[in-house]
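Novice: coords below, sequence missing:
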């Protein structure tokens, strides 16, 4: 039986989700999808017209996930791109920590075409986890909405 | 399953203590301000979060949860804690991402009967004049140096630029700016997010409301606040937008490292903090103050556009319409304040995360005009429910470091609300009650349905009965604009 890419758990005020993946790279991609699925209606309709390259470094996997999702929120607001696809090419362990390389793809925000759901203010550290499972990986994230 | 009522000990009516043996590491007890009814709604997680805060170094007296408290991330929402200015800590998690999310209310001389027939036109024009919602952009284009000035001077900068009048500043908490702000401590990223969003309302629970004065509890004090029965008020609820969100995001990472560096044991990573007098602690405080000032400038600019819209609709200038600012409060912020602890005056960093300052009569930080009665305390209701203006009262300094609740407090998550309610149905129900709502998206209304919040009157009654802040005026929405 295969796990879903992500699922939402209840939280009284904010949004909490878990994501799953066969690899570390995949679980990061699915975490990003889970977050942007909160923000935009019909994420699967967003076309990969523009691309933003990402290269991030953090001293632990949880910090890397926090850094990755926060960076995507920043790029979304500043570059005015609504993302629909996330590619993490590699997460490698170096002397100083973990390095992520990848890209996110989407369209220029056009308020006449895109409908937004919930504003995600930020990613929190609260109960943030990246866990190696028997098969693959899972994450848990709470975002402030 | 253990319930909060099994754990707490009653101190007096509406006030309960979380004993220090509830959780390992607590340095002080917790104190929860709730009625019996609110106690039944309280999640055990809120108690754990209150206890987690009680474990932070230098905490004074109690870790507090206001009557609207609910489970958040790090601090509970509705959490108040004061830390010794030299031996304590500063924590971005005790302020939250939306630095200086706050509320202001404007009075008017407009009668309800003059506004009622034009409410749709008014709300539609306000909705257009003040950009809101995800992805919305401001019509204001500020330069880098203007952004610096807004970070440094808050509402004062906006007034100097022509967005308001001098008396607006006198009717703001802290005169609309914290002078510890240092724009150099604000990252490039926070500037980039803050710049295009300057002069926008945002989304979520933020709103702009045209209200009718529904009930007056204290006629003399209401008069001093400039509020008259049968008239209309305007409430603005918003914060520091992407600028504040990014400042908090940046400094959480700094604090996460700092906690390790200074050997601070954290019960929850979101409580990451640094000693108040360390470089990291002070850098955050200066950046947070800049974020708070941005929020005050933002609310001031929005106020200006609200006045312009009223001028346009009612064909009179704002002065003739009597559109004066009554007050402006910050409900997500940390402040350096003096409090009496064990009979001694002490400098403390008071963190209010979803809590409103409620200084009583005679306090030097209450504006001169209100000093004889205490500061106005603004408590917004949820969509479609009443909001309250209270005044800071006698016991706030003794019980809560001069703090009260900040709103109704959520009881249901956004996703669940969307499954349960339909925006279109809510819109119709509110219209039947005479409330006209404009929103960017119907699902936004579902997320903010009145039923997802605790009752604002129940929450307000707790601080009223404890004599922390006393009810002065109740206002009811006539029109709501939501992002």
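Specialist: The structure has been received and is ready for your questions. The shown structure was predicted, so the numbers you read here are calculated from the model rather than taken from an experiment.

Novice: got the residues of the stretch 101-250 of chain B near chain A?
Specialist: Contacts of the stretch 101-250 of chain B with chain A, taken as C-beta under 8 Å from any C-beta of the partner chain, map to B:133-136, B:189, B:192-193, B:196-197, B:202-204, B:242, B:245-246, B:248-249. Just so you know, the C-beta spots here come from the backbone N, C-alpha and C atoms, and that holds for glycine as well.

Novice: how about the residue nearest to the spatial centre of chain B, phi and psi?
Specialist: With distances taken as C-alpha atoms, centre = their mean, chain B has residue B:331 as the residue nearest its mean C-alpha position (2.7 Å). Residue B:331 adopts backbone torsions of phi -120, psi 10, taken as degrees, to the nearest 10.

Novice: and the closest residue to it other than its chain neighbours, what is it in contact with?
Specialist: In this structure, residue B:331 finds its nearest non-sequential neighbour in residue B:406, 4.0 Å apart by C-beta to C-beta, 6 or more residues apart in numbering or on different chains. Counting by C-beta atoms under 8 Å, 6 or more residues apart in numbering or on different chains, residue B:406 makes contact with B:66, B:68, B:78, B:331, B:352, B:354, B:355, B:356, B:379.

Novice: and the residue nearest to the centre of chain B, how far is that from residue A:59?
Specialist: Counting by C-beta to C-beta, to the nearest Å, the gap from residue B:331 to residue A:59 is 34 Å.

Novice: and what of residue A:49?
Specialist: Residue A:49 is 34 Å from residue A:59, by C-beta to C-beta.

Novice: neighbour count winner among these two?
Specialist: residue A:59 (15 against 11; other C-beta atoms under 10 Å in any protein chain shown).

Novice: Not counting sequence-adjacent ones, nearest residue to the more buried one?
Specialist: Residue A:59 sits nearest to residue A:97 (C-beta to C-beta, 6+ apart), 3.9 Å away.

Novice: Tell me how many other residues crowd the one you found.
Specialist: Using other C-beta under 10 Å, residue A:97 has 14 neighbouring residues.

Novice: Hmm, it is touching residue A:62, no?
Specialist: No - counting by C-beta atoms under 8 Å, residue A:62 is not a contact partner of residue A:97; they are 11.2 Å apart.

Novice: how about the lengthiest helix in chain B against chain A, any contact?
Specialist: If you go by DSSP state H, chain B has its longest helix at helix B:279-314. No - using C-beta under 8 Å from any C-beta, helix B:279-314 stays clear of chain A, coming no nearer than 12.4 Å.

Novice: Just the buried residues of that helix, please?
Specialist: B:280-311, B:313-314 (16 or more other C-beta atoms under 10 Å in any protein chain shown).

Novice: list the helices and strands the helix or strand just after it packs on?
Specialist: Note on helix B:279-314: by DSSP states H and E, the next helix or strand toward the C-terminus is strand B:325-330. Where contact means 3 or more C-beta pairs under 8 Å, 6 or more residues apart in numbering or on different chains; DSSP states H and E, strand B:325-330 is packed against strand B:102-106, helix B:279-314, strand B:356-357, strand B:376-379.

Novice: After strand B:325-330, which helix or strand is next? Please name it.
Specialist: According to DSSP H and E, the helix or strand after strand B:325-330 is strand B:332-341.

Novice: tell me the angle that next one makes with helix B:279-314.
Specialist: Calculated by axes from the mean of the first three to the mean of the last three C-alpha atoms, to 10 degrees, strand B:332-341 forms an angle of 120 degrees with helix B:279-314.

Novice: Determine how far strand B:332-341 lies from the middle of the whole chain.
Specialist: Put simply, strand B:332-341 sits 16 Å off its chain's centre (C-alpha atoms, centre = their mean, to the nearest Å).

Novice: Please apply the same query to stretch B:51-66.
Specialist: 20 Å.

Novice: would you list every one of the helices in chain A?
Specialist: A:24-39, A:61-78.

Novice: Just send the helices and strands packed on strand B:325-330 back as JSON lines, with mean pLDDT too.
Specialist: Formatted as JSON lines, the helices and strands packed on strand B:325-330 follow (pLDDT from 0 to 100):
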{"stretch": "strand B:102-106", "mean pLDDT": "98"}
{"stretch": "helix B:279-314", "mean pLDDT": "98"}
{"stretch": "strand B:356-357", "mean pLDDT": "98"}
{"stretch": "strand B:376-379", "mean pLDDT": "98"}
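
Novice: which parts of chain A sit against chain B?
Specialist: When proximity is defined by C-beta under 8 Å from any C-beta, chain A lies next to chain B at A:8, A:10-15, A:39, A:41, A:62-63, A:66-67, A:70, A:73-74, A:77-78, A:80, A:82, A:109, A:111, A:114-119, A:121-128, A:142, A:144-145.

Novice: thought residue B:287 was touching residue B:251?
Specialist: Yes - the pair residue B:287 and residue B:251 qualifies as a contact (C-beta under 8 Å) at a distance of 6.3 Å.

Novice: Once you drop chain neighbours, what's closest to the residue nearest in space to the middle of chain A?
Specialist: Residue closest to the average C-alpha location in chain A (C-alpha atoms, centre = their mean): residue A:32, at 1.6 Å. Spatial nearest neighbour of residue A:32, excluding adjacent residues (C-beta to C-beta, 6+ apart): residue A:86 at 4.1 Å.

Novice: OK, contacts around residue B:119?
Specialist: Residues in contact with residue B:119, defined by C-beta under 8 Å, 6+ apart, are B:210, B:436, B:478, B:479.

Novice: By neighbours, which of those wins?
Specialist: residue B:479 (28 neighbours).

Novice: Need the three-state assignment for that residue.
Specialist: The three-state assignment at residue B:479 reads strand, by DSSP: H, G, I helix; E, B strand; the rest coil.

Novice: Quickly list what it is bridged to.
Specialist: Beta-bridge pairing of residue B:479 under DSSP bridges involves residue B:210, residue B:436.

Novice: Touching, it and residue B:209? I think so.
Specialist: Yes - using C-beta under 8 Å, residue B:479 and residue B:209 qualify as a contacting pair, with a distance of 6.9 Å.

Novice: Return the residues in contact with residue B:83.
Specialist: Going by C-beta under 8 Å, 6+ apart, residue B:83 touches B:56, B:57, B:58, B:59, B:60, B:89, B:90, B:276, B:348, B:349, B:351.

Novice: In strands only, show me the residues you listed.
Specialist: B:89, B:90, B:348, B:349, B:351 (DSSP state E).
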